[in-house]
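*Asks:* with the input below, show me the fold.
(one chain, ligands or ions: 1)
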Amino acid sequence: MAFQFYSQTCPVTVGCGSISILGEEIKKRGLKKPLLVFDQGVKEAGIPDKVIKVLTDAGLSCACFDGVQADPSADVVDACGEKAIAEGADCLIGVGGGSSMDTAKATSIRTSGFEGDARKYVLQFPIKVETTTPVFLVPTTTGTGSECTAVAIISIPEKNVKWSVNVNTTLAVIDPELTVTLPQLYTATTGLDALAHATEGITANTSNVHATYMGLGAVRKITDHLLDCYNHPTDINARMEMSIAANWGGMAFNNPLTHVSHAMGDAFGCHFHTPHGLSCSLGLPDSLRLVAEVRKKDMRDIAEAMRIPLAGNETGKELGDLVAEKIFGMMHAMNMPSLKSLGYSREEVVALAKDVTENHLSTHCPVQITMETAEKLLGDVYDHYQ
Ligand SMILES: [Fe+2]
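*Replies:* Numbers count the residues shown, from 1 in each chain. Modelled structure (predicted):
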């Protein structure tokens, strides 16, 4: 008998205005000096000021590291660690999208007393580091799910790769009110990143019952509410539903991990420097089409969760085509740019096949990702969405 394994990372508080509890949650753990970790976009949206007010109202002092960059490098993590130590911080708060939260998570290795810089721990095949510095995570996008996953994904620029490390986290505070200032493009791309997390978690060859049910719940919410968030950014009900969907998407892939859509996304991000959500969602329709025959039941469940009318006798291929076309429709409705419109040629895209085959995420795809498969898939991704 095959057993299934799944784990949870940390408690989650979700609700409008929930950021108000953060100061007391930190104080009741005996902590006194958080370091807020965020990027310039979050800063310009005024979100750190709201968090700082909550902390000061609770009688806490705090320091800030505002040097997070998209696809944060190991050097950014090391700089954040230096800041945390210099400030005497006893806990970390990642405020933002995946880049800010992953920087805070990876920084906790250094502040937990492990020696050496980030490159020693951020590896091609991630290891678990038993960190002890408390890490609080406050998402301001509705996509990454990083607030509920063990993994921190960090770029190693000299190798043109994104590698990762697994750490402990303490508490996620999901406040949908912090997401209403998210620009339309990022609402679209991070929302579709969440769809990729959910559907890849469901269809990975390492999937489990937890991933399936969390993932399908996320797929329903994304189908029902992502376009509302895009078209009506201050629709707080839609933002709440997408905040939950992103969190469930994160839980869906926490154990199985993602597969070939994210492997392609890593390659696009490393070579073209396209944002993570855009990078991963561009390849999602064709990735799901690729695995549809071998994951027919999952594909039927995903199609139903996406509210696609079904006759009941569809083949796996037909289900994959229906799901892919539904996602393409969402991408067009949200004016997602294509690789072609961003200025990349078909040859440049297909040339990333070796990166895709060497990415450990491809080993989680239920279809073997050979060079031939990767080249065809990348060509399809380029051709099918322009
Ligand atoms: Fe992702």
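*Asks:* distance of the closest residue to the ion within the stretch 1-150 of the chain from residue 5?
*Replies:* When distances are taken as CB to the ion, the stretch 1-150 of the chain reaches nearest to the ion at residue 144, 6.3 Å away. From N, CA and C alone the C-beta is placed, and that goes for glycine too. To residue 5, residue 144 is 23 Å away according to CB to CB, to the nearest Å.
*Asks:* quick one: which of these two has more around it?
*Replies:* More neighbours surround residue 144 than the other of residue 144 and residue 5, with 29 against 8 (other CB atoms under 10 Å).
*Asks:* quick one: contacts for the more buried one?
*Replies:* 97-98, 101, 190, 193-194, 246, 250, 276-277 (CB atoms under 8 Å, 6 or more residues apart in numbering).
*Asks:* please enumerate the strands of this structure.
*Replies:* Here the chain has its strands, by DSSP state E, at 12-14, 34-39, 63-68, 91-96, 135-139, 151-156, 161-166, 171-174.
*Asks:* same for the second one, what does it pack against?
*Replies:* Pointing back at strand 34-39 there. helix 47-57, strand 63-68, helix 74-87, strand 91-96, helix 98-111 (3 or more CB pairs under 8 Å, 6 or more residues apart in numbering; DSSP states H and E).
*Asks:* and the fourth one, what does it pack onto?
*Replies:* If contacts are counted by 3+ CB pairs under 8 Å, 6+ apart, strand 91-96 sits against strand 34-39, helix 40-44, helix 47-57, helix 98-111, strand 135-139.
*Asks:* quick one: pLDDT of residue 275?
*Replies:* On the pLDDT scale, residue 275 is placed at 92.
*Asks:* which residues of the protein lie near the ion?
*Replies:* Neighbours of the ion within the chain, by CB under 5 Å from the ion: 193, 280.
*Asks:* which one's the longest helix in the chain?
*Replies:* Longest helix of the chain, by residue count under DSSP state H: helix 209-231.
*Asks:* mean confidence score for it?
*Replies:* 97.
*Asks:* can you tell me the closest non-neighbouring residue to the residue of the stretch 201-350 of the chain with the smallest separation from the ion?
*Replies:* Residue nearest to the ion within the stretch 201-350 of the chain (CB to the ion): residue 280, separated by 4.7 Å. Excluding its sequence neighbours, the residue lying closest to residue 280 (CB to CB, 6 or more residues apart in numbering) is residue 265, at 3.3 Å.
*Asks:* just to revisit the earlier point, quick one: closest of the strands of the chain to residue 213.
*Replies:* Residue 213 sits nearest to strand 12-14 of all the strands of the chain, at 16.3 Å, using CB to CB.
*Asks:* tell me which residues of that closest one come out buried.
*Replies:* If you call a residue buried by 16 or more other CB atoms under 10 Å, then strand 12-14 has these buried ones: residue 12.
*Asks:* so how far is that strand from its chain's centroid?
*Replies:* From the chain centre to the centre of strand 12-14 is a distance of 17 Å (CA atoms, centre = their mean, to the nearest Å).
*Asks:* do the same with stretch 298-312
*Replies:* With CA atoms, centre = their mean, you get 24 Å for stretch 298-312.
*Asks:* repeat for stretch 38-49
*Replies:* 19 Å.
*Asks:* now it - C-alpha only, PDB.
*Replies:* What follows is stretch 38-49, C-alpha atoms only, in PDB (Å, rounded to 0.1, in the frame of the first residue of the first chain):
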ATOM      1  CA  PHE A  38      10.000  44.700   1.300                       C
ATOM      2  CA  ASP A  39      10.700  46.100  -2.100                       C
ATOM      3  CA  GLN A  40      10.300  49.600  -3.600                       C
ATOM      4  CA  GLY A  41       6.900  48.800  -5.200                       C
ATOM      5  CA  VAL A  42       5.400  47.900  -1.900                       C
ATOM      6  CA  LYS A  43       7.000  51.000  -0.400                       C
ATOM      7  CA  GLU A  44       5.500  53.200  -3.000                       C
ATOM      8  CA  ALA A  45       2.100  51.700  -2.300                       C
ATOM      9  CA  GLY A  46       2.500  52.800   1.300                       C
ATOM     10  CA  ILE A  47       2.000  49.400   2.700                       C
ATOM     11  CA  PRO A  48       5.100  49.300   5.000                       C
ATOM     12  CA  ASP A  49       3.800  52.500   6.700                       C
END
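*Asks:* before we move on, back to that, for residue 316, find the nearest of the strands of the chain.
*Replies:* strand 151-156 (29.9 Å).
*Asks:* can you tell me what sits against that closest one?
*Replies:* Contacts of strand 151-156 (CB under 8 Å, 6+ apart): 71-74, 77, 98, 101-103, 105-106, 118-119, 122, 126, 146, 161-167, 254, 270.
*Asks:* now do stretch 281-289
*Replies:* Contacts of stretch 281-289 (CB under 8 Å, 6+ apart): 189, 192-193, 195-196, 199-200, 203, 259-261, 264-265, 268, 274, 299, 302, 317, 320-321, 323-325, 327-328, 331, 336, 338-339, 365, 377-378, 380-381, 384-385.
*Asks:* quick check: mean pLDDT of that stretch?
*Replies:* On average, stretch 281-289 scores 97.
*Asks:* the residue nearest to residue 15 when sequence neighbours are not counted: neighbouring residues, count only.
*Replies:* Sequence neighbours aside, residue 175 is the residue nearest to residue 15 in space, at 7.1 Å (criterion: CB to CB, 6+ apart). Residues lying near residue 175 (other CB under 10 Å) number 25.
*Asks:* isn't residue 175 right up against residue 18?
*Replies:* Yes - taking contacts as CB atoms under 8 Å, residue 175 lies within contact range of residue 18: 4.5 Å.
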